[in-house]
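Novice: the following comprises the amino acid sequence and a computationally predicted model.
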Amino acid sequence: TPCTLTSVKNKCRELSFQLLGAEKRERAKYERKEMGHKNWGTLVFGAKNIITYSLSPYEQKAFHGLFSKGIPNIIRRFTDQVFYVLPGLGIGGLVYYYGTKDFKRRQRKNPADYANEQ
């Protein structure tokens, strides 16, 4: 069979599943339970063989593409959302403006109530 990347990945996956099953069986022989709990270090099954990849912070370019991609992306996202947010803010502003104006009007004394007094 030709040696391709997919065939190598599949073979590695098969081997890791076989090893994982054998490892679980071996561990079950020697595992001791105390008070219904597993020992420390064996709390989660299958937590081994999990591989994570990351870059060193010294090798990352923190501001790569900030001006060429970042600012246009901010503008695009703003214009996409402004028409959803703006009507609510406008209605809220009008309600606030009307409420404060009406509150000040109601706080004033009515001059007609005091027309007959000295």
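Specialist: Thanks, I have the structure now.
Novice: Asn110: neighbouring residues, count only.
Specialist: By other Cβ atoms under 10 Å, 7 other residues sit near Asn110. In this view, the C-beta of every residue, glycine as well, is placed from N, C-alpha and C.
Novice: now it: how far from Gly99?
Specialist: Here the criterion is Cβ to Cβ, to the nearest Å. By it, Asn110 lies 20 Å from Gly99.
Novice: try Ala115
Specialist: 30 Å.
Novice: just Asp113 next, same as before
Specialist: 24 Å.
Novice: with Arg76 instead?
Specialist: In terms of Cβ to Cβ, Arg76 sits 36 Å off from Gly99.
Novice: can you check Phe63 too?
Specialist: Distance from Phe63 to Gly99, by Cβ to Cβ: 45 Å.
Novice: do Asp80 as well
Specialist: For Asp80 relative to Gly99 (Cβ to Cβ), the value is 31 Å.
Novice: do Thr52 as well
Specialist: For Thr52 relative to Gly99 (Cβ to Cβ), the value is 54 Å.
Novice: any regions of this structure where pLDDT drops low?
Specialist: Filtered on pLDDT under 70, the chain yields the residue ranges 1-6, 8-10, 12-50, 118.
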